[in-house]
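Asks: Take a look and give me a structure for this.
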Amino acid sequence: MLYSLAFFHAIILERRKFGPIGWNIPYDWMNSDFDTSNLQLKMFIEEQPVVPYKTLNVIIAEINYGGRVTDNKDMRLIKALLTQYMNPNIMEGSYSFSSSGDYISPKNLELPDVITMINSLPLDDDPEVFGLHPNANITCQ
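Replies: Numbering: from 1, shown residues only. Sure thing, here's the model as predicted:
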């Protein structure tokens, strides 16, 4: 779940490079948003008998990151994006974060295996990983 949270954090930060196609308003999310979400994720996992996905989605999307979001369409988007990364399916391993299947959740959770998987990711991000049309790169450039 930490990998998924980190992936979400990276996605929302990188969507900014697409300008108004990525976000209606550019937001200044910081590492502190990720750190707070990470601590809350750890707390909920350790203290609850089952993972409270709905609660985590509300706290992370609407409070931690959403506290900076001022546009109602951007708020809908960040909530929708997080449900892609914070759901029970990610625990099954090889859950696809993108339609191409290039970006998946780790099968093996051993640190060296996760690092190897991260190093095998494409160097050039395809807009589809951000939930955008392939032509979004044209606008970005």
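Asks: C-alpha only now, for contacts and for neighbours.
Replies: Noted.
Asks: And the residue in the chain sticking out farthest from the centre, how far from Lys79?
Replies: Most distant residue from the mean C-alpha position of the chain: Pro49, 24.1 Å away (Cα atoms, centre = their mean). Distance of Pro49 to Lys79, given as Cα to Cα, to the nearest Å: 24 Å.
Asks: Then Leu109?
Replies: Using Cα to Cα, Leu109 is found at 26 Å from Lys79.
Asks: Kindly report the same for Asn135.
Replies: Computed as Cα to Cα, the Asn135 to Lys79 distance reads 24 Å.
Asks: Equivalent analysis for Ile11, please.
Replies: Ile11 is 13 Å from Lys79, by Cα to Cα.
Asks: top helix in the chain by residue count?
Replies: helix 31-47 (DSSP state H).
Asks: tell me what it is packed against?
Replies: Applying 3 or more Cα pairs under 8 Å, 6 or more residues apart in numbering; DSSP states H and E, we find helix 31-47 packed against helix 2-14.
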